[in-house]
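Visitor: Below are the sequence and a predicted model; questions follow.
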Amino acid sequence: MLGIVIGVAAVVCMVSVGAGAQAEVSEKIRTLGANLLLVIPGARNSAGARLESGTQPTLTEEDAASIRRELVDAQVAAPLLSRSMPLVAANRNWVTLVAGINADYLVAREWQVANGRSFTGEEIASGAKVAIVGSVIIEELFDGRAGIGETFRIGNVPFTVIGVLDKKGLGAAGRSQDDVVFIPLSTAQSRVLGAVRGTTRQALDFISIKVSDAAAMPEMEREIEALLRQRHRIRGDAPSDFRIENPADVLIARGAAVRTLGILLIAVATVSLVVGGISIMNIMLVSVSERTREIGLRMAVGASRRDIRRQFLIEALILALIGGLMGAALGAAAAVAIAWKAGWPILISPWAVILACGFAGFVGISFGLYPAHRAARLDPIVALRFE
């Protein structure tokens, strides 16, 4: 029974953890935004050494405008410029990511404004000192108040809160996506962040592009590369001074790794179930030997071979099912503990429990069949004489 318990617990636990991890990956992809591509500046060379990606300021707001204007499948192309900055409100302060964006960025990320409003075209064009903040900022700076109409400073520049973003939770890098302040891109370039990238105020951190159709993503990557290489006047044999990434690729690979590990562990658990079945068969064979006189007595008073066979099959089945139920409870508890520790949603599928217990019953019947058949073939006279 212990082998059955361990096998079923492993199956239920791994299926539940795998489903929870897959749901977590799907949620992360959803919070990133569907059909999203990122264009990131290239790497700068310094004293013969190639620095990290993004150190060469090559992307501009006009690049984003050209992508949206000239590529049919580009729904939006949203530029972004960011840096960590100190925030001050009354006697509270907080250091967070301040990002300059236009209205397209929230559309690309499918990010709703839960309270208040988004930027107007006039505010973006004029460089207005208004901000949309995440829920973490509301808690840290305004002590959980609504926040709309509140004023605070980014560095020495005063801003007014006009909107609070809907919660998105942790991002792919493990950082809270709600710990952020968005301001108009023109304001960031002229009043707050300035020339964060290189010596020009036009340089960007990246451009987020929302593609109209997921099937068009590969073709869209090629079109974006061709357009930007043309705009940056890059020769045919020279490397691009930017990089195009699909942020969902990392999460999809992570989900595939989780699924592969889950399949491996389920295979190991299946072996454990088979070993448990063999143990049941061995125990039942020993039971047949020890209960030979009982079998002979039952057959002598009228029990048929079918009755004896049924008796031992039921005993094997009960052992397996009890082990399966205990294993399912243990596996569910283990899945809850792992999901709580990892911060994943917990998804215990009833079908996984039913399937595992059903397989345990099948193992019990399969491996109890031979002992039951052996017991049914005993000669009653020989069985009664057995010591």
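Guide: Ah, there it is.
Visitor: Now do Ile283 against Leu369, distance only.
Guide: Distance of Ile283 to Leu369, given as C-beta to C-beta, to the nearest Å: 14 Å. The C-beta positions use only the backbone N, C-alpha and C, and glycine is treated the same way.
Visitor: quick one: the helices in the stretch 101-250 of the chain?
Guide: In the stretch 101-250 of the chain, the helices defined using DSSP state H, counting those that start in this stretch lie at 103-108, 121-126, 135-142, 185-187, 217-231, 248-290.
Visitor: Could you list the low-pLDDT ranges of the stretch 251-387 of the chain?
Guide: Scanning the stretch 251-387 of the chain for pLDDT under 70 picks out the ranges 251-259, 261-262, 265, 342-345, 382-387.
Visitor: now the strands for it?
Guide: Per DSSP state E, counting those that start in this stretch, the stretch 251-387 of the chain has no strands. Nothing in it meets that criterion.
Visitor: so Met85 makes contact with Val157?
Guide: No - in this structure, Met85 is not within contact of Val157 by C-beta atoms under 8 Å, at 9.5 Å.
Visitor: residues shared between the contacts of the two?
Guide: Listed as contacting both Met85 and Val157 by C-beta atoms under 8 Å, 6 or more residues apart in numbering are Val192.
Visitor: And the two? Which one has more around it.
Guide: Shown here are Met85 and Val157; by other C-beta atoms under 10 Å, Met85 has more neighbours (20 against 13).
Visitor: The more buried one: what's it in contact with?
Guide: Going by C-beta under 8 Å, 6+ apart, Met85 touches Val95, Thr96, Leu97, Val98, Ile154, Gly155, Val181, Val192, Leu193.
Visitor: Which of the residues you listed lies at the shortest distance from Glu245?
Guide: Proximity of those to Glu245 (C-beta to C-beta) peaks at Leu97, which lies at 19.0 Å.
Visitor: How many residues are close by Gly323?
Guide: Neighbourhood size, Gly323 [other C-beta under 10 Å]: 28.
Visitor: nope, Leu325 is what I meant
Guide: Here the number of neighbours of Leu325 (other C-beta under 10 Å) works out to 17.
Visitor: Likewise for Ser289?
Guide: For Ser289, the neighbour count with other C-beta under 10 Å is 12.
Visitor: Equivalent analysis for Gly236, please.
Guide: A count of neighbours around Gly236, defined by other C-beta under 10 Å, yields 5.
Visitor: Could you do Val76 as well?
Guide: Val76 has 22 nearby residues by other C-beta under 10 Å.
Visitor: you'd agree it is in a strand?
Guide: Yes - per DSSP: H, G, I helix; E, B strand; the rest coil, Val76 lies within a strand segment.
Visitor: Who is it paired with across the strands?
Guide: Beta bridges link Val76 to Lys210 when assigned by DSSP bridges.
Visitor: so it sits right up against Ala108, yeah?
Guide: Yes - with contact defined as C-beta under 8 Å, Val76 and Ala108 form a contacting pair (5.1 Å).
Visitor: Mutual contacts of the two, please.
Guide: Residues touching both Val76 and Ala108 by C-beta under 8 Å, 6+ apart: Ser208, Ile209, Lys210.
Visitor: Put together JSON lines for the helices of the stretch 101-250 of the chain, with distance to Ile162 on each row.
Guide: Output for these, formatted as JSON lines (distance: least, C-beta to C-beta, whole Å):
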{"stretch": "helix 103-108", "distance to Ile162": "12"}
{"stretch": "helix 121-126", "distance to Ile162": "8"}
{"stretch": "helix 135-142", "distance to Ile162": "13"}
{"stretch": "helix 185-187", "distance to Ile162": "12"}
{"stretch": "helix 217-231", "distance to Ile162": "32"}
{"stretch": "helix 248-290", "distance to Ile162": "30"}
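Visitor: wait, which of those helices is closest to Gly302?
Guide: For those, distance to Gly302 was read as C-beta to C-beta. The smallest value, 19.8 Å, belongs to helix 248-290.
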